[in-house]
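Visitor: Got a predicted structure here, sequence first:
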Amino acid sequence: MCGRYTITTPLESLRNLFDFEGNFNLGARYNVAPTQNAAVVRNAPDGGGRELVMLRWGLVPRWAKELSIGSRMINARTETVASKPSFREAYKKRRCLIPADGYFEWKKKGEIKQPYLLRRRDDAPMAFAGLWENWKVPEANAEAAGQPTGTEITTFTILTTDANETAKPTHHRMPLILEPEFFEAWLTADDPSDTDVMLAVPAVALSSVAVNRRVGSPRNDDPACIEPI
DNA sequence: CCAGACGTTGTT
DNA sequence: GTCTGG
DNA sequence: CCAGACGTTGTT
DNA sequence: GTCTGG
């Protein structure tokens, strides 16, 4: 699956890879967690190229009454995303790329959960396939959401697919990782299931290394999270 | 018809 | 055990 | 994903 | 909003 990831690649390197507009003060993130804001690349609304935006992780469907729904919508299965009521509209029109350079999986070793950091073997940044969605804060949820009624909150989810052999030792389902040659097709295809994007991906070669257990704390976002043990 | 869900993973 | 918050 | 809460009344 | 289960 993919419930935590890292993004430490500098802005200009990301710009070279993803070709987006705009300037950001992007600090290194060693432990991005659901409900936090994170950098996402999508087609600019005016139709002119791509933009980098900060969106909340955990897709809130347009019909949701509460922001907290997003906590359960952090991933979407590649196999079913086209038909699920929560995702299918976003799947048709609102796809995005999530820049990352690694992600975490946990494996139980007796009593303890040991986190592993998975990265590409070529150390290049990764692009997770994702969807984004707009949600308007309703009156009844304004207080819980911490935003005024009517505020637009934009959220995203990360697609998952079956793990390949390189994802050992955890071998959990993994994020759908796109090679650059598929970025354009993923972002713009009228029907992405018509392209080979959805099939092409888990070929990416990953390495995994056991890391410092403090990565488990959601609010912990220091470099120790990626320290091998 | 209405009510209630709407999602994912992994299971020593 | 299950849900919420980060 | 994991960690941490999981409840109520009434108010220095 | 739309689908599923009863």
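Guide: Nice, I can see it. Numbers count the residues shown, from 1 in each chain, chains lettered A, B, ... in the order given.
Visitor: Point out where chain A drops to low pLDDT.
Guide: A:194-203 (pLDDT under 70).
Visitor: Pull up the residues of it that are close to DNA strand E.
Guide: Contacts of chain A with DNA strand E, taken as C-beta under 7 Å from any atom of the strand, map to A:61-63, A:85. To be clear about C-beta, it is placed using only N, CA and C from the backbone, and glycine gets the same treatment.
Visitor: Can you pick out the most distant pair from those?
Guide: A:R62 and A:P85 (10.3 Å; C-beta to C-beta).
Visitor: Neighbour count: those two, which is higher?
Guide: A:R62 (11 against 8; other C-beta atoms under 10 Å).
Visitor: surely the more buried one meets A:E133?
Guide: Yes: counting by C-beta atoms under 8 Å, A:R62 does reach A:E133; the two are 6.5 Å apart.
Visitor: which residues are in contact with both of the two?
Guide: The contact sets of A:R62 and A:E133 overlap at A:E89 (C-beta atoms under 8 Å, 6 or more residues apart in numbering).
Visitor: Could you look up the SS state of whichever residue of chain A sits closest to DNA strand D?
Guide: Nearest to DNA strand D in chain A, going by C-beta to the nearest atom of the strand, is A:G3, at a distance of 1.7 Å. Three-state assignment for A:G3 (DSSP: H, G, I helix; E, B strand; the rest coil): coil.
Visitor: List the contacts of it.
Guide: So A:G3 contacts A:33-34, A:74-75, A:104 (C-beta under 8 Å, 6+ apart).
Visitor: list the contacts for the residue nearest to A:T6 when sequence neighbours are not counted?
Guide: Spatial nearest neighbour of A:T6, chain neighbours left out: A:G102 (4.4 Å); criterion: C-beta to C-beta, 6 or more residues apart in numbering. Each residue near A:G102 by C-beta under 8 Å, 6+ apart is listed here: A:5-6, A:117-119, A:126, A:226.
Visitor: Of all pairs in those, which one is the farthest apart?
Guide: Largest separation among the contacts of A:G102 by C-beta to C-beta: A:M126 and A:I226, giving 14.3 Å.
Visitor: Report the separation between A:P192 and A:E51.
Guide: 20 Å (C-beta to C-beta, to the nearest Å).
Visitor: Compare neighbour counts for those two and give me the winner.
Guide: Taking neighbours as other C-beta under 10 Å, A:P192 and A:E51 compare with A:P192 leading, 20 against 16.
Visitor: Show me what the longest helix seen in chain A is in contact with.
Guide: Longest helix in chain A by number of residues, with DSSP state H as the criterion: helix A:11-18. Residues outside helix A:11-18 that contact it (C-beta under 8 Å, 6+ apart): A:20, A:23-24, A:26, A:39, A:41, A:50, A:52, A:97, A:99, A:124-125, A:127, A:180, A:183.
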